[in-house]
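**Student:** quick one: sequence plus predicted model below, questions after.
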Amino acid sequence: MAKHTFNAEVSKLLHLMIYSLYSNKEIFLRELISNAADALDKLHLLTLTDEKYKNIDFDPKITITIDEIEKRLIISDNGIGMDDVDLVENLGTIAKSGTKQFLENLNSDDKKSAQLIGQFGVGFYSAFMVANRVEVISKKVLDDKAWIWRSDAAKEFEIDEVNKDSHGTDVILYLKKEDEEFLNDFRIKEIVKKYSDHIPY
C-alpha cells in the first residue's frame, strides 16, 4: 500500500467542498456522472481511432447502486479506467491551470460556486460534500492490474492493488449520517433527471 499526500491546492479545495457549499450538495452526483461519461467518451474515441483498441466491445454503461446496509452510494462506469499513476495525477493533484482561479472565485454565493465546480473540472472532490470517506476502484482498459484509491479527505490518500474483473471505475461514497437522503431511490432519480438527462449512457 502506498500513501500519498494531497498537494496544497487539493487540500484547500477539499476544505472548501466540505465547509462552503452545503446548501447545494446534490450537485456531487452530477459531477460524478459527468466524470463517468467522460471516461466512456475517451474509450469510445480510442475504439474508433486506435488499432490497439479496435477489438474492445464498447457497450457503455453508467450504473448507480444504493447500498442501504453499508450506507454507500456507488457510481460505476465501464469506460477507459485508470491505473495507479492516473489515480495519483487525477485525484491527488490538480493539474488544470484554472484551479487557482476557481479557488479565488469560490465564495459564499452557492449558485455561482456550483457553476464554477463544473466549469473548472474539479467535480470529483464534491463527493466529500456528502461522504466522509471515498474509495475509487479502477482498472485501465487493456491492463491486467486494478487499483483502489481511498481517502477520508484528510491530508493523505492511499493507493493499493486490488482485484477487478473488467475495465472501468467504481466511485464508492460512504455517506455522512446527515446525507443519507441520497440513499433514497426516488431522490437519486430526481437528481439524475434534473442534471444528467442529456448524458447518452
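**Tutor:** Received the coordinates, thanks.
**Student:** name the nearest residue to residue 25, ignoring sequence neighbours.
**Tutor:** residue 129 (4.8 Å; Cβ to Cβ, 6 or more residues apart in numbering). No exception for glycine: its C-beta is placed from N, CA and C like everyone else's.
**Student:** what's the local residue count around the one you found?
**Tutor:** 25 (other Cβ atoms under 10 Å).
**Student:** following the chain onward from the lowest-mean-pLDDT helix or strand in the chain, which element is next?
**Tutor:** Least confident helix or strand, the chain: helix 110-119 with a mean of 55, by mean pLDDT, DSSP states H and E. Sequence order places strand 131-139 as the next helix or strand after helix 110-119, per DSSP states H and E.
**Student:** which strands or helices does that following strand pack on?
**Tutor:** helix 84-91, strand 146-151, strand 168-175 (3 or more Cβ pairs under 8 Å, 6 or more residues apart in numbering; DSSP states H and E).
**Student:** can you put the ones you listed in TSV and add mean neighbour count and distance to residue 191?
**Tutor:** Formatted as TSV, those follow (neighbours: other Cβ atoms under 10 Å; distance: least, Cβ to Cβ, whole Å):
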stretch	mean neighbour count	distance to residue 191
helix 84-91	17	23
strand 146-151	22	23
strand 168-175	22	13
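**Student:** so who does residue 168 touch?
**Tutor:** Neighbouring residues of residue 168 by Cβ atoms under 8 Å, 6 or more residues apart in numbering: 39, 76-79, 81, 138-139.
**Student:** with the residues you listed in mind, which one is nearest to residue 147?
**Tutor:** residue 138 (5.9 Å; Cβ to Cβ).
**Student:** and the gap between the closest residue to residue 83 other than its chain neighbours and residue 38?
**Tutor:** For residue 83, ignoring the flanking residues on the chain, the nearest one in space by Cβ to Cβ, 6+ apart is residue 140 at 4.5 Å. The gap separating residue 140 from residue 38 is 15 Å, by Cβ to Cβ, to the nearest Å.
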